[in-house]
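Undergrad: this is a predicted model, with the sequence first.
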Amino acid sequence: MSAPIGSQTANIAMTAGMPPKHISRTRRATFFSLVGLGTIVGAWLSYIFLSENGMRIAEWVLLLVFIPLYYQLNVGFWTALIGVWLMNRHKPDSLSLWHTLNADDYEQPITASTAIIMPVFNEDVTRVFEGLRSIYLSLEATGQSKNFDFFILSDSDKTSQWIEEETAWLELCRQLNAFGRIFYRKRRKQINRKSGNVSDFCRRWGKRYRYMVVLDADSLMSGALLTSMVRIMEKNPGIGIVQTFPKQIAADTLLGRVMQFAQVLYGPPFMAGLDYWQCGEANFWGHNAILRLAPFIEHCALPPLPANAPFGGHILSHDFVEAALMRKAGYAVRLLPTTRGSYEEGPPTLVDMLKRDRRWCQGNIQHFWLLFAKGWHPMSRVNFLHGILSYVSSLLWFLFLILATYLAATPTLHVQPQSLLAEKILLSVTAMLIFLPKTVILLDEVITGRLFKPLKLRLLTFVSSLLDTVVFTLMAPVLMVFHARFVIYTVIGKSVSWVTQRRKIDGGINWSEILFTFASVTLLGVAWAAVGAGIGVKLGSYAFLVWISPILFSLVVSILVAVLVSGGRSGKRLGFFLTPEEYDPPTVLKNMQQNLEEIKDRIQLPPELERHYGLMQVCLDPFVNGLHVSLLRRRRTIDVSHTYLEEICHRLITQGPNVISAQELKALMHDTDTVTNLHYRLWSAANHELAPFWATAIRQYNLASTSPFAHTLAKKDVE
Amino acid sequence: MEAVNIQFAPATGTEEEWNEAYARLADYFRSYQLHNRIRRTQLILETLRNAAKAHASDPSRTPTAHSIEQARLMLREWLGSIYSDLNLNEAQLEATGRLGFHLAGGPSRWPQFFLDEQNMPDDMAEAMRSAIRTSGPGMQVSKMTPRDIDLGMFTDVADDTFDRLGRHPILRYSVLLVIIGAVLGYLYSLFG
């Protein structure tokens, strides 16, 4: 292992932070023994039941499908139970990273240079920069912000978005007096998406910093947690990555609130359990984490995978691979169980969630290539396997249900007491594996009041937990169908495009999108129910239909479920699904939300102008035009000819922005001379020479834009 | 403040054309956030007078085009005197200067000195010069080269297979159809 930077502090072992092998081994032996035992018992009971009249091929297949599903169930069960045990025992966990810091450490000034980077891609500009402002101010409040720099790394490919990011950056720097502390970088070519964006930062500025905190566009982190993370890294030079637990915040739909409630309630025990058995081989989730830059640059560059996308090519879920590479280089990857200070936002609707899952599914399936690669730590392979299983298990579950339907249609008699007993035990154990962790966690909350002290809120948490069971029960079969579909799409070569993740619902429910997405699921449910009814008529018993009815019901009503969970009736008024962040928001969140509220509906323009607001600004506003040209890299040669740019310019002026493609606009906006001249050409053109868009824009611009840089940000000048 | 000279009598161009030029210049200078109306009027008239001369020698272009060009020339000249020590091309000079004027608080602090080369206050010039911004700190380039991952023999076989399937979509769908057909055939045989 090469000497890590960050070990300058005297008397710190270079491997500090890497859990001792004997502890890791004991923990994993315990955990996987329990998981293995549970899986074997389940498989054995299943075999006894199925084999009463000899095993048919379909029954063998069913058993094969059952084993990984049961393994996964066991992993979740034991992780949660161990987590609850850890949270309730008096003796602190000997491996806890929090215990590596003592009171004196918090008094020491931070000298390590840290870059906080936020890669963005066509995100809501106001949310990005107001989030950044909150983080910046929170960090300033710690008095330790001197050695932290912020970078917004943009890959946005929409011109208006790009310009708005530039103006927001300038205004934020001006308001916070943070020039030289907050930097903006726009990549000309979006090579390798987010991971390429981060690598590009590392190549350009990586050497300047000892640590890098990676944020998502919707991330929010408190200054206290950020400084603690740096201190932990300083005290533990053997750690390459520390991953925090980002809690979901700011949801306003039922789905979003249920997800954030579930994450708040069930997340911490799962994190504690994961930390228990993952030890120094945890995963990196791509954001809200701190990385040691020198080994990251040296060891974590991502090679392309064999074959073409979607199964090969550029690695989509880069974070798991980076964690494995970091571990391979000899550095620990650790989880930092946190309850406050690390936040993110989730998808607002079921459709948005599925879009995100489609990307994640493809990324995880790609890891199949890496499963058998040489040199990984065995736990990295387990992490890859679990990632793959998290989606493949849906396909397996789907197959399981199909096989179960077939076996129900061609039943064999189960009369032996041993077989019937095995069936009963299996059903009971499975129910326990599914519901016991949740019950234990809920009881733990009701008794200890970890989330809420007032009894009323604890009782509301109890009721909310019962309600979220209903929501998840209704959604699970729908997710199963889609995830199974995504796995098949990936394997047969249907790739996903890189799209911006939607974080808020703008406008109401999109009925056509929901109908289009879920109609096939409803049809599947109806068809399956008909088959089940047919089996019932044939056999004179409707036991199978009753057994599978919760799943079929969910499929049949999937459209209604999607509408229900995507709507704004989220139970907030009644106090359901309440989280501590909603009840008592931390300062970093409160500040951001106040500012977002202030900025709402600031621009009042005709929709046509509003859609192209950034473009309008860069073309008409002398300051925005100046800013944009100033930020462009000074290049001696350009990639495209002047004739080409001239032709686009002419069309833009005479026909308006709607006739220009995104690619053409991008070419135009990258050329300093063209952008400068465009500004004057528009102002110089007589009214009859201009497209109606520009004639209106020139008339209205000064009225709409009283301050060209402030429309995306709250007005909060530092005194 | 300098007295406003409202004398304007263009030798060429129609009244309608010059009115359009006036309106455009008014909008243009307003986009500089110059809320001092008297200064704005001074600038508009000064620019129009220059434009009228230019139009007389080249009537093929509209008074509006001449007016904006004159405004641009005045700006360049003014910025040139502020940033004379920097090696900037025309686009950079204009961009840097306009941004510098905004960041220095020019529109609110020194609106009366905008484009006024003769009476430029030192602190204004200094504030504009020191307001030059870059988007990132100085680079310290590192190499971040991916290392090959030995994916093993199994992967080679899978790679070849997927590569072949990828190049031949018909083959890909045929394999899928065969698998589905086999499963359906098996189910049929079981039911039968």
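TA: Yes, it's here.
Undergrad: near chain B, which residues of the stretch 101-250 of chain A show up?
TA: A:149, A:151, A:169-170, A:173-174, A:179-180, A:183-186, A:199, A:202-208 (C-beta under 8 Å from any C-beta of the partner chain). In this view, the C-beta of every residue, glycine as well, is placed from N, C-alpha and C.
Undergrad: go again with 6 Å.
TA: Residues of the stretch 101-250 of chain A found near chain B (C-beta under 6 Å from any C-beta of the partner chain) are A:183, A:184, A:185, A:199, A:202, A:203, A:204, A:206, A:207, A:208.
Undergrad: from those residues, which is closest to residue A:272?
TA: residue A:202 (31.7 Å; C-beta to C-beta).
Undergrad: re earlier: save the residues of the stretch 101-250 of chain A next to chain B as CSV, and put in distance to residue B:51 and neighbour count too.
TA: Converted to CSV, those look like this (distance: C-beta to C-beta, whole Å; neighbours: other C-beta atoms under 10 Å in any protein chain shown):
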residue, distance to residue B:51, neighbour count
A:183, 41, 22
A:184, 37, 23
A:185, 41, 20
A:199, 52, 22
A:202, 52, 23
A:203, 50, 18
A:204, 46, 20
A:206, 52, 24
A:207, 53, 15
A:208, 50, 15
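Undergrad: the residues you listed in helices, which ones?
TA: Using DSSP state H, A:199, A:202, A:203, A:204 are the members of those that sit in helices.
Undergrad: which pair of these spans the longest distance?
TA: A:199 and A:204, at 9.7 Å, using C-beta to C-beta across those.
Undergrad: give me the phi and psi for residue B:147.
TA: phi -100, psi 140 (degrees, to the nearest 10).
Undergrad: same check on residue A:661?
TA: phi -80, psi 160.
Undergrad: distance of it from chain B?
TA: 24 Å (C-beta to the nearest C-beta, to the nearest Å).
Undergrad: repeat for residue A:385
TA: In terms of C-beta to the nearest C-beta, residue A:385 sits 15 Å off from chain B.
Undergrad: equivalent analysis for residue A:494, please.
TA: 11 Å.
Undergrad: wasn't that residue part of a strand?
TA: No - applying DSSP: H, G, I helix; E, B strand; the rest coil, one finds residue A:494 to be coil, outside a strand.
Undergrad: the nearest residue in space to residue A:282 that is not next to it in sequence sits in which helix or strand?
TA: Spatially, and ignoring its direct neighbours in sequence, residue A:282 is nearest to residue A:335 (4.4 Å; C-beta to C-beta, 6 or more residues apart in numbering or on different chains). According to DSSP states H and E, residue A:335 maps onto strand A:332-336.
Undergrad: who touches the helix or strand that comes right after that strand?
TA: Later in the chain than strand A:332-336, the nearest helix or strand by DSSP H and E is strand A:342-344. With contact meaning C-beta atoms under 6 Å, 6 or more residues apart in numbering or on different chains, strand A:342-344 is reached by A:216, A:218, A:219, A:220, A:221, A:225, A:244, A:246, A:247, A:249, A:288.
Undergrad: number of nearby residues for the residue of the stretch 351-500 of chain A found nearest chain B?
TA: Across the stretch 351-500 of chain A, no residue is closer to chain B than residue A:374, which sits at 4.3 Å (C-beta to the nearest C-beta). Applying other C-beta atoms under 10 Å in any protein chain shown, we find 9 residues neighbouring residue A:374.
Undergrad: do the same with residue B:114
TA: Counted with other C-beta under 10 Å, residue B:114 comes out at 23.
Undergrad: quick one, phi/psi of it?
TA: Dihedral angles for residue B:114 - degrees, to the nearest 10 - are phi -60, psi 130.
Undergrad: what packs against the host helix or strand of residue A:243?
TA: Per DSSP H and E: residue A:243 is located in strand A:239-244. With contacts taken as 3 or more C-beta pairs under 6 Å, 6 or more residues apart in numbering or on different chains; DSSP states H and E, strand A:239-244 sits against strand A:289-292, strand A:332-336.
Undergrad: go again with 8 Å.
TA: Helices and strands touching strand A:239-244, by 3 or more C-beta pairs under 8 Å, 6 or more residues apart in numbering or on different chains; DSSP states H and E, are helix A:223-235, strand A:289-292, helix A:293-299, helix A:318-328, strand A:332-336.
Undergrad: tilt between the fourth one and strand A:332-336?
TA: Going by axes from the mean of the first three to the mean of the last three C-alpha atoms, to 10 degrees, helix A:318-328 is angled at 130 degrees with respect to strand A:332-336.
Undergrad: buried set for helix A:318-328?
TA: A:318, A:319, A:320, A:321, A:322, A:323, A:324, A:325, A:326, A:327, A:328 (16 or more other C-beta atoms under 10 Å in any protein chain shown).
Undergrad: could you measure from the nearest residue to the first one once chain neighbours are set aside over to residue A:379?
TA: Read it as residue A:318. In space, residue A:318 comes closest to residue A:195 once its chain neighbours are excluded; the distance is 3.8 Å by C-beta to C-beta, 6+ apart. Distance from residue A:195 to residue A:379, counting by C-beta to C-beta, to the nearest Å: 22 Å.
Undergrad: and residue A:189, by the same measure?
TA: For residue A:189, the distance to residue A:379 - C-beta to C-beta - is 36 Å.
Undergrad: let me see the domain layout of chain A.
TA: Per automatic domain parsing, the structural domains of chain A span A:11-96+A:244-284+A:307-602, A:604-704.
Undergrad: for chain B, that is, sorry about that
TA: Taken from automatic domain parsing, chain B resolves into B:15-129, B:152-191.
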